[in-house]
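Enquirer: Predicted model and sequence follow; I will ask about them next.
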Amino acid sequence: MSTDALVLLKEDHKEIRALFNEFQQAGENATKKKGAIVERILEALTVHTYIENECMYPETRKLLPDLEDDVLESYEEHHVADVLCLELAAMKPEDERFDAKTMVLIENVTHHIEEEEEEWFPKVREGLGRKKLQEIGERMIELREQAPRKPTDPKAMKKAVDAATA
């Protein structure tokens, strides 16, 4: 298993995209199934944004100051996703706007993932190099174990507030 931070984040992105696809393929009358899929989406996003906000973004910001604007934009995109996740966590799959809100979350996160992978990751790889990315990846693996699993977890909510005011 690779400890390269960008490889680990891309693996998360792949899992998140698969969950998004599963939701979109579930069909209109699969309310219960969609609810279970959204729970898995919320957990995956909560863990993923936690390790990025707590480790990847601060390290990149410190070591590659030229990428600060990118990091700040990523914090804001995470904040939007966090708000949507909190709202979805409070909803029931039968709620009128559940599917629509999930689709907005999917669209926002998909945009964020594409931007990271196509624009930001190459700059980070070039600027940090393999050894530093492995060190950051090892820290991310440790953080994943203690990461909150629900957007309503106090640690996740603190992360959302911290990211919004970073």
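Expert: Received the coordinates, thanks. Numbers count the residues shown, from 1 in each chain.
Enquirer: How about the secondary structure of the residue located most distally from the centre of the chain?
Expert: Distance to the chain centre peaks in the chain at residue 29, reaching 27.7 Å (criterion: C-alpha atoms, centre = their mean). Under DSSP: H, G, I helix; E, B strand; the rest coil, residue 29 falls in the coil class.
Enquirer: mind pulling up the phi and psi values for it?
Expert: Backbone geometry at residue 29, expressed as degrees, to the nearest 10, gives phi -100, psi 20.
Enquirer: So for it, what's the pLDDT?
Expert: As predicted, residue 29 sits at a pLDDT of 79.
Enquirer: Got phi/psi on residue 147?
Expert: phi -70, psi 140.
Enquirer: now do the one 3 residues further on
Expert: Residue 150 adopts backbone torsions of phi -130, psi 140, taken as degrees, to the nearest 10.
Enquirer: So what's the residue count around it?
Expert: Using other C-beta atoms under 10 Å, residue 150 has 16 neighbouring residues. Glycine gets a C-beta too; all of them are placed from N, C-alpha and C.
Enquirer: In the protein, where is pLDDT below threshold?
Expert: For the chain, the stretches with pLDDT under 70 are 1, 156-166.
Enquirer: Skipping its backbone neighbours, what lies nearest residue 87 in space?
Expert: Once flanking residues are discounted, residue 87 sits nearest to residue 101: 6.2 Å by C-beta to C-beta, 6 or more residues apart in numbering.
Enquirer: didn't the one you found look like it was pressed against residue 91?
Expert: Yes - contact criterion C-beta atoms under 8 Å: residue 101 and residue 91 qualify, at 7.0 Å.
Enquirer: got a list of what residue 81 touches?
Expert: 45, 49, 105, 108-109, 112 (C-beta atoms under 8 Å, 6 or more residues apart in numbering).
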